[in-house]
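Participant: what's the 3D shape of this:
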Amino acid sequence: MVLRSEQLAGTRFNPSRLERVYRHLQSAVEQGTIPGAAIGLAQHGTPLPSRAFGEMCAGMGTQPDTIFLTASVTKPMTVTAVMILVERGYLLLDNPVHTIIPEFGNRGKEAVTVRHLMTHTSGLPDMLPNNIALRQAHAPLAEFYRQMFDLELDFAPGTHLQYQSSGTAMLAVIVERLSGMSLPDFLHTELFLLLGMKDTALGVR
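Facilitator: Alright, predicted model coming up:
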């Protein structure tokens, strides 16, 4: 987490308040609320001393520059990538997914649109039934995609809301099919670099 000086305007920031934040994080680690954390602060563009607490995972301590996985925070990044392509005229939100990913158009999924995927209303389950086994086997991403293409819907598209990681995965495929780039490369080139986010990546670069 990085807090810049403009975000502190009007807060009467002082070092004792920062120490309170440090104590709070240390307490959260000791109580088991979080395994670990790292915090950085800049004032008027000048970095102040960073601090790290606890462990990122068992046996792996944290440092101020430890890389943390952001998990589902990547979902809005993926959606942003899709919207970049929408703005450029590559697709419409109400395009059926199977017109972009032909392999997806089976088992009642013909009516699923890009908008359904983005709003968690496609009817797709959250994850594959064998998701954990595939992860433990370090299965390639292509295998996850292949099995997702064959998923059956839990409900008719647009009739219910259900959190779905598999839908976001299909959005990633859409970005890759239309842009000719991998999603990590697309985000790096078309979003992160333009925003000056040189230390952010989808996967370790």
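Participant: please parse the protein into its domains.
Facilitator: 2-61, 71-192 (automatic domain parsing).
Participant: from memory residue 113 sits against residue 95, does it?
Facilitator: Yes. Residue 113 lies in contact with residue 95 (CB atoms under 8 Å); the separation is 6.3 Å. C-beta: built from backbone N, CA, C; applies to glycine.
Participant: neighbour count: these two, which is higher?
Facilitator: Set side by side, residue 113 and residue 95 show more neighbours around residue 113, with 20 against 15, by other CB atoms under 10 Å.
Participant: show the contacting residues for that one.
Facilitator: With contact set as CB atoms under 8 Å, 6 or more residues apart in numbering, residue 113 has these partners: 93, 94, 95, 96, 97, 122, 157.
Participant: please enumerate the helices of this structure.
Facilitator: Secondary structure of the chain by DSSP state H: the helices cover 15-30, 74-87, 114-118, 131-136, 141-149, 165-179, 183-187.
Participant: just those: most buried one?
Facilitator: With neighbours defined by mean count of other CB atoms under 10 Å, none of these is more surrounded on average than helix 114-118, at a mean of 22.
Participant: now that helix: how far from the chain's centre is it?
Facilitator: In this view, helix 114-118 has its centroid 16 Å away from the chain centroid, taken as CA atoms, centre = their mean, to the nearest Å.
Participant: still on that earlier bit, make JSON lines from the helices of the chain and add mean pLDDT and distance to residue 49 to it.
Facilitator: Supplementary listing: the helices of the chain in JSON lines, determined by pLDDT from 0 to 100; distance: least, CB to CB, whole Å:
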{"stretch": "helix 15-30", "mean pLDDT": "89", "distance to residue 49": "9"}
{"stretch": "helix 74-87", "mean pLDDT": "96", "distance to residue 49": "29"}
{"stretch": "helix 114-118", "mean pLDDT": "98", "distance to residue 49": "41"}
{"stretch": "helix 131-136", "mean pLDDT": "93", "distance to residue 49": "37"}
{"stretch": "helix 141-149", "mean pLDDT": "94", "distance to residue 49": "39"}
{"stretch": "helix 165-179", "mean pLDDT": "97", "distance to residue 49": "37"}
{"stretch": "helix 183-187", "mean pLDDT": "96", "distance to residue 49": "31"}
